[in-house]
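>>> sequence-free structure coming up:
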Ligand code: TEU
Ligand code: CA
């Protein structure tokens, strides 16, 4: 059993700064805006904030393209604003973790500006350069995640540089010890400032071996993470989350095993990938499959039960809104949003709430490509249209899975633009803000927001939710997710109906118990008999002692 850590019982909240709160009317969310909303997060019970990138950046990928790791983007504020945010968060016992984006820099980073100018630059080997093949073709056929080749030609020096994302995000060469040294120095600079840790962007892709066409999970990956740990994290009481789309339960134990000296946990995406087409990914929707989803969730609960640690999330800034994806954003909005929260927050691991999820924000309903802002979506739109798809057909899919679904402004109130800005927002606010907004949700005791607040408080006060052993039930049931968490003489039973039908569920003897209803989104239930009838999206958790 892993030793208890301060962050085990915390609930985390992800802020996408650009869309959270605009303090000065320029239409872009900013750091003073976040500071002004700390009381909101504190009253929700949040103990940890993950801030998406706030560093200086030309914003080709909304800050995931960094041109100065030790400065703040002027549209977000200043270092003084950041220090104030940190201090104010600390007063409320909220730790702040920063996004560490070190697989690549911006093409405007001084290292790259110098490297691209000459083959003799001292920074040339900070990046990955290859000459064209003899017949003039690209070094190989590796592709960028955002579409098109992963190689861009640099005429000044006659070579290609490698980029797994946009051509404005050149990949760093982690096999160069000077690169690693610079990164560790920069990490220590932030850690000394008092941050609570890092979320590490595409950490599974840093140790690529391009000549063998290896991108994720490359050779030396875990050596580098262990070195990073020795040079920066060791002897500091911080929390780290590595983003790893390639993670399996096996590799997650390497990343997060207690004796490994690597990370606290990873974001793994098997539950997301399970829903995507094997070949076409998210651009070809698949019908929702609860049995498959449960199999993935259970697999991870069992695999990391004795060592390692899970992160728990339905959404983030790259994924569509949870209630639109797994629930019913119209007819059963409150019921399905609270059901999803329950199903996730009683699992073992650290829950991450993505901004707006706590009020049930839904996908955007854009009708024209001009309304989209995301580089990935704009690139994919161009490529799909070139390949013969109509713009309307593409937008129908983008409305389900594009990243901008999660990036529309946070809906604070019924004021214009949802109270996010007094100016013109950088991306359109979802017009449903008059119905779905924080002010209204905080006011109503039965709201999604108040339900999240109760859930988060339960985790903080019940060690069975933090450490209890997981056991799933009804694995083949196509509508209900059911599991228990057990520690010593305490057992929590969680039932969640993922469908808009009423389900009659016969219960096995061991679940026919009486207890305290911890939470429920219809009527509280204290006693489970031979059968239970679960209404559409009904959920409940009972503590039996
Ligand atoms: O995301 C990694 C990543 O692979 C995503 O781009 C994801 O695959 C894609 O959205 C699915 O279609 C991280 C960041 O979270 C993302 O915002 C950045 O764009 C990306 O890295 C590059 O830094
Ligand atoms: Ca602003």
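In hand now; what should we look at? From a predicted model like this one, the values you see are computed outputs, not experimental measurements. Ligands and ions are numbered 1, 2, ... in the order given.

>>> what about the residue of the stretch 251-400 of the chain found nearest ligand 1, distance to residue 405?
For the stretch 251-400 of the chain and ligand 1, the shortest gap (C-beta to the nearest ligand atom) falls at residue 318, measuring 3.7 Å. C-beta coordinates here come from the backbone N, C-alpha and C atoms, glycine included. Taking C-beta to C-beta, to the nearest Å as the criterion, residue 318 is separated from residue 405 by 10 Å.

>>> for these two, indicate the residue with more neighbours.
residue 405 (28 against 20; other C-beta atoms under 10 Å).

>>> the stretch 101-250 of the chain: helices as residue ranges?
Taking DSSP state H, counting those that start in this stretch as the test, the helices found in the stretch 101-250 of the chain are 110-117, 177-193, 221-228, 249-256.

>>> in the longest one, what's buried?
Spelled out, that is helix 177-193. Buried residues in helix 177-193, defined by neighbour count with 16 or more other C-beta atoms under 10 Å: 179, 180, 182, 183, 184, 186, 187, 190, 191.

>>> get me the contact residues on the stretch 401-545 of the chain for ligand 1.
Where proximity means C-beta under 6 Å from any ligand atom, the interface of the stretch 401-545 of the chain facing ligand 1 comprises residue 403.

>>> ok so residue 484 is a strand residue?
Yes: the assignment for residue 484 (DSSP: H, G, I helix; E, B strand; the rest coil) places it in a strand.

>>> could you give the bridge partners of it?
For residue 484, the beta-bridge assignment (DSSP bridges) gives partners residue 471, residue 493.

>>> okay, domains of the chain per the record?
In the assignment given by automatic domain parsing, the structural domains of the chain cover 9-97+310-364+408-461, 110-162, 177-308, 468-544.

>>> okay, those domains, which one's buried deepest?
Comparing the domains of the chain by mean neighbour count (mean count of other C-beta atoms under 10 Å), domain 9-97+310-364+408-461 ranks first with a mean of 21.

>>> nearest residue to residue 46 in space, please, no chain neighbours.
The spatially closest residue to residue 46, leaving aside those adjacent along the chain, is residue 13, at 4.4 Å (C-beta to C-beta, 6 or more residues apart in numbering).

>>> ok, the closest residue to residue 63 other than its chain neighbours - contacts?
The spatial neighbour of residue 63 that comes closest, neighbours along the chain excluded (C-beta to C-beta, 6+ apart), is residue 53 at 3.6 Å. Contacts for residue 53 (C-beta atoms under 8 Å, 6 or more residues apart in numbering) come out as 17, 62, 63, 64, 66, 98, 99, 101.

>>> is it correct that the first one is in contact with residue 32?
No: taking contact to mean C-beta atoms under 8 Å, the distance of 10.7 Å between residue 17 and residue 32 leaves them out of contact.

>>> show me what contacts residue 15?
Contacts of residue 15 (C-beta under 8 Å, 6+ apart): 34, 49, 50, 51, 52, 355.

>>> one more time with 6 Å, if that's ok
The contact partners of residue 15, taken as C-beta atoms under 6 Å, 6 or more residues apart in numbering, are 49, 51, 355.

>>> in CSV: the residues you listed, plus pLDDT and distance to ligand 2.
Conversion of the contacts of residue 15 to CSV gives the following (pLDDT from 0 to 100; distance: C-beta to the ion, whole Å):
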residue, pLDDT, distance to ligand 2
49, 98, 18
51, 98, 15
355, 98, 16
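
>>> I'd like the residues you listed laid out as TSV, including secondary structure.
Converted to TSV, the contacts of residue 15 look like this (three-state DSSP):
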residue	secondary structure
49	strand
51	strand
355	coil
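
>>> quick check: which element contains the residue nearest to residue 63?
Assessed by DSSP states H and E, residue 53 sits outside every helix and strand.

>>> distance of it from residue 162?
Distance from residue 53 to residue 162, by C-beta to C-beta: 21 Å.

>>> what's downstream of the particular helix or strand that has residue 352 in it, the next helix or strand?
Per DSSP H and E: residue 352 is located in strand 350-354. Tracing the chain C-terminally past strand 350-354 and defining elements by DSSP H and E, one meets helix 375-386 next.

>>> now that following helix, how far from the chain's geometric center?
Relative to the centre of its chain, helix 375-386 is centred 23 Å away, using C-alpha atoms, centre = their mean, to the nearest Å.

>>> show residues contacting it.
Counting contacts by C-beta under 6 Å, 6+ apart, the residues outside helix 375-386 that touch it are 61, 146, 147, 166, 369, 391, 394, 398, 402, 403.

>>> among these, which two are most distant?
61 and 391 (22.5 Å; C-beta to C-beta).

>>> how many residues are close by residue 4?
The number of residues near residue 4, taken as other C-beta under 10 Å, comes to 11.

>>> how about the strands in the stretch 51-200 of the chain?
Along the stretch 51-200 of the chain, counting by DSSP state E, counting those that start in this stretch, strands occupy 55-56, 68-72, 95-100, 129-130, 151-154, 159-162, 197-200.
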